[in-house]
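[1] Sharing a sequence plus its predicted fold:
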Amino acid sequence: MIAKPPTDAPAAPLAGSASESSEALRRRAHELIPGGAHTYAKGDDQYPEGAPAFLVRGRGCHVWDLDGREFIEYGMGLRAVTLGHAHPAVIEAAAAAMRQGANFTRPSPLEVECAERLLGLIRGADMAKFCKNGSDATTAAVKLARAWSGRDLVAICRDHPFFSTDDWFIATTSMPAGIPQTVRDQTVSFRYNDLDSVDDLLRRYEGRIAAFVLEPAAVQEPARGFLEGLRDRCRADGALLVFDEMITGFRWHIGGAQTLYGVTPDLSTFGKALANGFALSALVGRRDVMERGGLTHAEERVFLLSTTHGAETHALAAAIETMKIYEREGVVEVLHRQGARLRAGLEAEARRQGVADHFQILGRDCNLIYAARDADGNPSQAFRTLVLQETLKRGILMPSLVVSFAHGDDDIDRTIEAVGEAFAVYRRALDGGIDRFLEGRPVQPVFRSRE
Ligand SMILES: Cc1ncc(COP(=O)(O)O)c(C=O)c1O
């Protein structure tokens with residue numbers, strides 16, 4: 001039985017360990033669900049022992065676990081909840097739509113309104129199709145590109161960590177089990193900011209690549225001319241350029257990173273922040289390409305993203321409200337400002353505690369991550385675990401350093417202070433050996449072939 005979440009009453013004490021009952025539920029989850037969670041990135045192997053086993057409630061950037069412990073968090077629903085948990089206006093919009101009915105036999109007008117609003121922001125795109133997962137949207141882009149070009153190969157950027165749960169991408173990871181070799185052979189890769197690697201692919205597979213798929217930016221910003229060069233090469237070759245804007249969309253710029261960088265892809269995909277955590281994603285793009293999924297053209301038709309739940313009314317209403325808030329309240333500027341405040345504060349603390357060479361903050365201010373390094377400067381899962389362990393004890397849940405619109409100055413400042421204390425432990429572990437400080441097994445990367 002799940003404990004009742006706390007109300008808006010003052011926060012429970014931050015630290016403490018998981019109770020017997022939440023441990024029991026965690027064990028039960030592993031009996032019922034492979035991996036104990038429905039998303040690998042939320043799994044037990046990603047967090048130290050003693051981490052909150054289950055979260056039951058969120059408000060803004062604060063979350064509460066099953067034992068009533070409160071945390072300021074920097075993961076925000078795998079970056080989906082950019083406005084903060086349980087944003088009242090978004091919840092109200094979704095609830096109002098739900099009260100009218102969640103799903104109908106014919107389309108809802110919300111489908112048109114949501115498409116119009118999204119395409120009003122993503123200026124280079126003419127048409128949109130909605131679905132539930134980012135993976136489905138990106139896979140649909142690949143399929144559409146294959147149909148449009150009459151080619152089979154897809155080229156992905158191998159410096160970007162994730163595009164889809166589907167075979168064309170998972171085949172390239174260290175967990176390709178269950179994917180036939182013939183499918184694996186259809187995906188080739190290029191390097192970010194490396195037009196030579198693009199040219200190399202175009203030479204090796206001349207006239208065979210349907211699409212080049214990449215995030216317009218991830219940890220690295222685009223080098224001057226890279227995205228433009230890729231755009232030109234795709235055009236010349238007849239391959240489509242696909243931007244996966246699952247993370248950059250609604251973070252880099254309200255019009256997507258494509259607007260910020262001034263490079264228009266043929267197709268692009270959005271999700272995550274689009275509906276502030278409600279399940280909605282979108283494929284958008286050029287009319288002549290997108291139309292292949294429609295009813296009014298003479299070419300062979302493409303079965304494009306047709307799902308039972310694709311246009312649930314409440315997710316569309318949540319997205320419409322989310323986009324209104326973005327337009328009205330300058331959300332993207334706040335994400336950058338608060339991320340910059342967090343970064344500056346943490347970097348100062350890292351210097352003060354003598355761990356600046358070992359704890360590195362990476363990425364754009366609106367989307368920060370960190371790398372933990374051992375005494376020799378090598379990336380270390382053990383030191384990452386120590387950071388998670390020591391910050392969790394101090395009421396901070398930071399798988400990454402991703403801020404939301406709801407992170408106020410007080411939240412950021414409290415975080416800097418808490419992480420500073422964790423850095424002091426980090427320093428002692430660098431000097432005296434980490435084994436004395438780690439209280440359990442280290443965390444592991446999601447993609448690995450064995451236990
Ligand atoms: C860049 C990127 N593309 C695609 C996806 C897949 O989205 P979803 O998990 O909604 O299927 C993710 C998910 O983390 C992502 O980060």
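    Perfect, thanks for sending it. Numbering: from 1, shown residues only.
[2] Now the residue nearest to Phe303 when sequence neighbours are not counted, what are its backbone angles?
    Nearest residue to Phe303 in three dimensions, chain neighbours excluded: Gly293, at 7.6 Å (CB to CB, 6 or more residues apart in numbering). Every C-beta, even on glycine, is put in place using the N, C-alpha and C of the backbone. Note on Gly293: backbone dihedrals following degrees, to the nearest 10 are phi -90, psi 0.
[3] correct me, but Gly293 touches Val302?
    Yes - contact criterion CB atoms under 8 Å: Gly293 and Val302 qualify, at 5.0 Å.
[4] okay, and the common contacts of those two?
    Leu144 (CB atoms under 8 Å, 6 or more residues apart in numbering).
[5] Right, and the ligand sits closest to which residue of this protein?
    Gly134 (2.5 Å; CB to the nearest ligand atom).
[6] number of nearby residues for that residue?
    With neighbours defined by other CB atoms under 10 Å, the count for Gly134 comes to 28.
[7] ok, now Asp45?
    Using other CB under 10 Å, the number of residues around Asp45 comes to 16.
[8] How about it: what's its closest non-neighbour residue?
    Closest to Asp45 by CB to CB, 6+ apart is Gln444, at 4.7 Å.
[9] For my notes, confirm that neighbour occurs in a helix.
    No - according to DSSP: H, G, I helix; E, B strand; the rest coil, the state of Gln444 is coil, so it is not within a helix.
[10] can you pull the contacts of it?
    Contacts for Gln444 were tallied using CB under 8 Å, 6+ apart; they are Asp45, Gln46, Gln381.
[11] now swap in Tyr261 and tell me
    If a contact means CB under 8 Å, 6+ apart, then Tyr261 has Pro216, Ala217, Pro222, Leu227 as its contacts.
[12] Kindly indicate the member of the residues you listed with the most neighbours.
    Going by other CB under 10 Å, Pro216 tops those with 29 neighbours.
[13] looking at it, that one is touching Thr248, isn't it?
    Yes - checked against CB under 8 Å, the pair Pro216 and Thr248 is within contact range at 5.6 Å.
[14] Check the contact lists of the two and give me the overlap.
    Gly256, Ala257.
[15] Can you name the residues of the stretch 101-250 of the chain that neighbour the ligand?
    Asn133, Gly134, Ser135, Thr138, Phe162, Phe163, Ser164, Thr165, Glu215, Asp244, Met246, Ile247 (CB under 6 Å from any ligand atom).
[16] Can you list which of these are found in helices?
    Gly134, Ser135, Thr138 (DSSP state H).
[17] Who are the contact partners of the residue lying closest to the first one once chain neighbours are set aside?
    Put plainly, it is Gly134. Leaving aside its chain neighbours, Gly134 sits nearest to Gly271 (3.5 Å; criterion: CB to CB, 6+ apart). Contacts for Gly271 were tallied using CB under 8 Å, 6+ apart; they are Ala80, Asn133, Gly134, Ala137, Met246, Gly249, Leu280, Ser281, Ala282.
[18] one more time with 7 Å, if that's ok
    By CB atoms under 7 Å, 6 or more residues apart in numbering, Gly271 lies in contact with Asn133, Gly134, Ala137, Met246, Ser281.
[19] Quick check: beta-bridge partners of Ala155?
    For Ala155, the beta-bridge partners are Val188, Phe212 (DSSP bridges).
[20] what pLDDT does it get?
    Listed pLDDT for Ala155 reads 98.
[21] ok, it to Ala24 distance?
    Using CB to CB, to the nearest Å, Ala155 is found at 48 Å from Ala24.
[22] do Glu228 as well
    Here the distance between Glu228 and Ala24 works out to 56 Å (CB to CB).
[23] same check, this time on Arg106
    46 Å.
[24] Settle it for me: which of those two has more neighbours?
    Ala24 (11 against 4).
[25] tell me which element that one falls in.
    Per DSSP states H and E: Ala24 is located in helix 20-32.
[26] Can you give me the buried ones in that helix?
    Ser22, Glu23, Leu25, Arg26, Ala29 (16 or more other CB atoms under 10 Å).
[27] can you redo these as TSV with distance to Ala147?
    Below are the buried residues of helix 20-32 laid out as TSV (distance: CB to CB, whole Å):
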residue	distance to Ala147
Ser22	48
Glu23	50
Leu25	46
Arg26	45
Ala29	40
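[28] Please spell out the segments of the protein that come in under the pLDDT threshold.
    Of all residues in the chain, those with pLDDT under 70 make up the ranges 1-17.
[29] ok, longest helix in it?
    helix 409-432.
[30] related to what we said a few turns ago, adding distance to Asp357 as columns, could you present the ones in helices among the residues of the stretch 101-250 of the chain next to the ligand in JSON lines?
    Listed next are those as JSON lines, based on distance: CB to CB, whole Å:
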{"residue": "Gly134", "distance to Asp357": "35"}
{"residue": "Ser135", "distance to Asp357": "37"}
{"residue": "Thr138", "distance to Asp357": "37"}
